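In: Fold the stuff below for me.
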Amino acid sequence: MFPVFYSDEFLLHDTGHFHPERPERLRAVCQALQAVAWADQIEWRNPTPVEVRSPMAWVQQIHSRQYIEAVRQLANRGGGHVDGDTPVSSRSFEVALLAVNAWLDSINFALQAEQPSFVLARPPGHHALAEIGMGFCLLSNAAIAAHYALANGAERVGILDWDVHHGNGTQAIVETNPKIVFCSLHESPQYPGTGRASEQGFHGNVLNLPMQAGSTIADYQPLFEQKVVPFLSRFQPDLLIISAGYDANKDDPLAGISLQPDDYGVLTEYCLNLTRKVVFGLEGGYDLKALSASVLATIEACLV
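Out: A predicted model of the protein is given here:
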């Protein structure tokens, strides 16, 4: 059985009318997973409730108390924005904490079962900086999960971000830690304007691979084989976290890369060849059909 960590409460992060990062994203993926021929191989797992395992200690390792309290108060007042693109509703703070718990549950599963899993949660996290959220992201899920893994048995953690936008928040948080490596393939130039190839981290632990608009799997595969896999292999991670954004699809409205949904199955196979201890966590992806098909391709590759 393949675990998918999901809760209907993730739908309660209300981003407002016409916002790209909307609850329908998760609804579409859930419907696709329930309708696929191998649906009986999916094990739906509710994340640990926030009141049972408070994730705040782990969140506070990454984000400043001032920022955490600002988001909490914004939600308590009924909502607002942490920046122009990043809304907060009355339930957003607690939903963001529950999303963190889903990521931590997935880390526990990967370390104990030594098998992959998928975190189907929102809000996303890879743009969130220590002091402020941005780019639809409130809490830096992947960075929090990586530090949690190091405290729970992993000696080295790899993060691969294949979202079409550079994970500036994740990189800024983890690049000072020699036990974490970060690799990103992202369209350039594109939001948020970071992720230059010259950025290598404080310990040679960052690999950025800027991609041109229109790039296809024919451009991605050589980079995976010649850059990504060797970089991660040299580090020998005990665990691999994938910031699994699906906005590099050709049909996605927010960027210009030209991947097809099935291509994510190819990228997933490269990851699984490095280790079966892989946590896939949803980041971007805003065309509902392409997003759903891409998640299916990712999970189906894990079932082989």
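In: can you give me the helices for the stretch 1-150 of the chain?
Out: 24-35, 56-62, 65-76, 92-113, 141-150 (DSSP state H, counting those that start in this stretch).
In: relative to helix 141-150, how tilted is the lengthiest strand in the chain?
Out: With DSSP state E applied, the strand covering the greatest number of residues in the chain is identified as strand 180-187. For strand 180-187 and helix 141-150, the angle between their directions (axes from the mean of the first three to the mean of the last three Cα atoms, to 10 degrees) works out to 160 degrees.
In: who's in contact with the next helix or strand after strand 180-187?
Out: Sequence order places strand 206-211 as the next helix or strand after strand 180-187, per DSSP states H and E. Among residues not part of strand 206-211, those counted as contacts by Cβ atoms under 8 Å, 6 or more residues apart in numbering are 166, 171, 175, 181-188, 195-197, 199-200, 219-220, 223, 227-228, 231, 248, 257. No exception for glycine: its C-beta is placed from N, CA and C like everyone else's.
In: Can you list the buried residues in strand 206-211?
Out: Residues of strand 206-211 classed as buried by neighbour count (16 or more other Cβ atoms under 10 Å): 206-211.
In: Equivalent analysis for stretch 94-112, please.
Out: Residues 94-111 are the ones in stretch 94-112 that count as buried (16+ other Cβ under 10 Å).
In: now stretch 125-141
Out: When burial is assessed from 16+ other Cβ under 10 Å, stretch 125-141 yields the following buried residues: 125-129, 132-141.
In: which one among the residues you listed gets closest to Pro253?
Out: The shortest approach to Pro253 among the buried residues of stretch 125-141 belongs to Phe136, at 13.7 Å (Cβ to Cβ).
In: Next, find the distance separating the closest one from Leu274.
Out: Applying Cβ to Cβ, to the nearest Å, the value for Phe136 to Leu274 is 28 Å.
In: Same question for Asp238.
Out: Noted for Asp238: a distance of 11 Å to Leu274, by Cβ to Cβ.
In: Quote the end-to-end distance of stretch 280-291.
Out: One end of stretch 280-291 sits 14 Å from the other (Cα to Cα, to the nearest Å).
In: what's the answer for stretch 180-195, then?
Out: Terminal residues of stretch 180-195 lie 17 Å apart, using Cα to Cα.
In: Likewise for stretch 5-17?
Out: 26 Å.
In: Give the buried residues for that stretch.
Out: By 16+ other Cβ under 10 Å, the buried positions in stretch 5-17 come out as 5-7, 9-15.
In: cool, and stretch 166-181?
Out: In terms of neighbour count (16+ other Cβ under 10 Å), stretch 166-181 has its buried residues at 166-175, 177, 179-181.
In: And the furthest pair within these?
Out: His166 and Lys179 (21.7 Å).
In: circling back to that earlier point, the longest strand of the chain pairs with which strands?
Out: In the sheet containing strand 180-187, the strands it pairs with under DSSP bridges are strand 157-161 (parallel), strand 206-211 (parallel).
In: What mean pLDDT does that strand get?
Out: Per-residue pLDDT values over strand 180-187 give a mean of 98.
In: go on, stretch 98-108?
Out: Taken as a whole, stretch 98-108 has an average pLDDT of 98.
In: Output it as CSV, nothing but the C-alphas.
Out: As requested, C-alpha coordinates have been extracted for stretch 98-108 and formatted as CSV (Å, rounded to 0.1, in the frame of the first residue of the first chain):
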residue,chain,number,x,y,z
LEU,A,98,-1.6,20.5,10.2
ALA,A,99,0.2,20.5,6.9
VAL,A,100,3.5,20.5,8.8
ASN,A,101,2.3,17.5,10.8
ALA,A,102,1.5,15.7,7.5
TRP,A,103,5.1,16.3,6.3
LEU,A,104,6.5,15.1,9.6
ASP,A,105,4.2,12.0,9.6
SER,A,106,5.6,11.3,6.1
ILE,A,107,9.2,11.6,7.4
ASN,A,108,8.4,9.1,10.1
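In: neighbouring contacts of that stretch?
Out: Under the contact criterion Cβ under 8 Å, 6+ apart, stretch 98-108 has outside partners 3, 5-7, 9-10, 45, 47-50, 53, 55, 58-59, 117-123, 125, 139, 141-142, 144-145, 148-149, 152, 239, 241, 279, 281.
In: Any idea how far it is from the middle of the chain?
Out: Put simply, stretch 98-108 sits 12 Å off its chain's centre (Cα atoms, centre = their mean, to the nearest Å).
In: what's the residue closest to the geometric middle of this protein?
Out: By Cα atoms, centre = their mean, the mean C-alpha position of the chain lies nearest to Ser243, the distance being 3.0 Å.
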